[in-house]
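Q: Here is a sequence together with a model predicted from it:
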Amino acid sequence: MIANQYNTATTALTMSAVSAVAAFGAAFALTKNYRKRARSGSVTWDLPAWAKNYSSEKVYTSDEEMMSLAVELSRRNVEEGTGGPFGSAIFERLENGTCRLVSVGCNRVVPMKNSGLHGETVAIQIAQDKLGLYSLRSEGGNYELFTSCEPCCMCLGATLWSGVNRIVCAGKKEDASAIGFDEGPVFEESYEHLEKSGVKVVRNVLREEAAEVLRNYGKIGEIYNR
């Protein structure tokens, strides 16, 4: 009788131990798989195919000429259905005063499901990757960002840290806000801070051309952040 009770108790304990080990093993495997999935996570994005054909061989001599490219990028992005109505380009200013194209960027938020892919941030990342620099001014280069609209609050921060020496804008914040975009907390003090940090600011270059792209997009496109 005592032996039977002992065997029963031992069996119960053994089964409990096995269950506990099994539960621990399952939890460990779940955690391991979760960590594996987390480690394998990645962010993938790219320019649309049509935007990869701009040559760096052309010589640019004026702000209007360089801004024409940024506005063209914004317009083409809408026409091709590859993103929002914002385009940007980064140029290197050479010692003779002319400029060469380093990178282009266009808004890819909706097609790539990524709220960080604004025209400015795309152009900045491509330029930094191409040049192998985390700051474009870190090796004494002179780089300028041309954008079809004044930057939102996120892109103003990206501009500050990008290492560009100059930012040139076409459309105004009000032009983007007029069709429903929320540009965030952007103030005149924001631009003053850029200037104090060594980033020269130029605005209203080809504003009407850029504003027309925004107005057209407002009739047909998705306003994704309102």
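A: Here it is on my side, so go on. Residues are numbered from 1 along each chain as shown.

Q: show me where this protein has strands.
A: Secondary structure of the chain (DSSP state E): strands at 59-60, 87-93, 99-106, 143-149, 166-171, 200-202.

Q: of all these, which lies closest to E183?
A: Among the strands of the chain, strand 143-149 comes nearest to E183, with 8.6 Å by CB to CB. Every C-beta, even on glycine, is put in place using the N, C-alpha and C of the backbone.

Q: Tell me the strands beside that closest one, with direction?
A: Sheet pairing of strand 143-149 (DSSP bridges) gives strand 87-93 (antiparallel), strand 166-171 (parallel).

Q: now the angle from it to strand 99-106?
A: Counting by axes from the mean of the first three to the mean of the last three CA atoms, to 10 degrees, strand 143-149 points 40 degrees away from the direction of strand 99-106.

Q: Leaving out sequence neighbours, find the closest residue to the residue nearest in space to the middle of the chain.
A: Nearest to the mean C-alpha position of the chain, by CA atoms, centre = their mean, lies L117 at 3.0 Å. Closest residue to L117 apart from its sequence neighbours, by CB to CB, 6 or more residues apart in numbering: R108 at 4.0 Å.

Q: distance of that neighbour from S135?
A: Distance from R108 to S135, counting by CB to CB, to the nearest Å: 23 Å.

Q: Look at the two and report which has more neighbours.
A: It is R108, of R108 and S135, that has more neighbours when counted by other CB atoms under 10 Å, with 25 against 13.

Q: List the residues that contact the more buried one.
A: In this structure, R108 makes contact with 45, 47-48, 82-83, 114, 117, 122, judged by CB atoms under 8 Å, 6 or more residues apart in numbering.
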